[in-house]
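Novice: output the structure for:
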Amino acid sequence: MKTLVLKRVLPLMVFMLAIVFAFATENNTSVMEDAPITGFIYQNGFCVPAPKDCDQISFMPCTYNGNQVYAEKFSDTYCRLKLTHSGL
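Specialist: Predicted structure coming up:
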């Protein structure tokens, strides 16, 4: 009886666990990583929202009306983290 378990049931259980773990793994790429980022620009000394979506794919600066677009509004007068885009 013991050899029956080892010869037939144990390989079946290992196979079933392999299937379970194959479906349990997932791709950790977040949808938000590829989403366009709407940023902020300096306008009259203030950090204001800009209707420009930057994708952070290349090294080209992301600009809106000639102004650099930033990712974060740190305060009313300070924007930080320059954004880039692919030019598409």
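
Novice: for stretch 4-23, which outside residues touch it?
Specialist: Residues outside stretch 4-23 that contact it (C-beta atoms under 8 Å, 6 or more residues apart in numbering): none are found. Just so you know, the C-beta spots here come from the backbone N, C-alpha and C atoms, and that holds for glycine as well.

Novice: from residue 85, how far out is residue 46?
Specialist: Applying C-beta to C-beta, to the nearest Å, one obtains 23 Å for the distance of residue 46 from residue 85.

Novice: swap that for residue 45, sorry
Specialist: Counting by C-beta to C-beta, the gap between residue 45 and residue 85 amounts to 25 Å.

Novice: neighbour-wise, which of the two wins?
Specialist: Neighbours were counted for residue 45 and for residue 85 using other C-beta atoms under 10 Å; residue 85 has more, 20 against 7.

Novice: what about the longest helix in this structure?
Specialist: helix 10-24 (DSSP state H).

Novice: for the helix or strand harbouring residue 39, which positions count as buried?
Specialist: Residue 39 is part of strand 37-43, with elements assigned from DSSP states H and E. If you call a residue buried by 16 or more other C-beta atoms under 10 Å, then strand 37-43 has these buried ones: 37, 39-42.

Novice: return the closest of the residues you listed with respect to residue 55.
Specialist: Closest approach to residue 55 among the buried residues of strand 37-43 (C-beta to C-beta): residue 37, at 7.4 Å.

Novice: and residue 59, how many residues sit next to it?
Specialist: 7.

Novice: so it sits against residue 83, correct?
Specialist: No: applying C-beta atoms under 8 Å, one finds residue 59 not in contact with residue 83, separated by 11.3 Å.

Novice: for the top strand by length along the chain, buried residues please.
Specialist: Ranked by number of residues, the top strand in the chain under DSSP state E is strand 46-54. By 16+ other C-beta under 10 Å, the buried positions in strand 46-54 come out as 47, 50, 52, 54.

Novice: and the first one, bridged to which residues?
Specialist: Which is residue 47. Per DSSP bridges, residues listed as beta-bridge partners of residue 47: residue 42.
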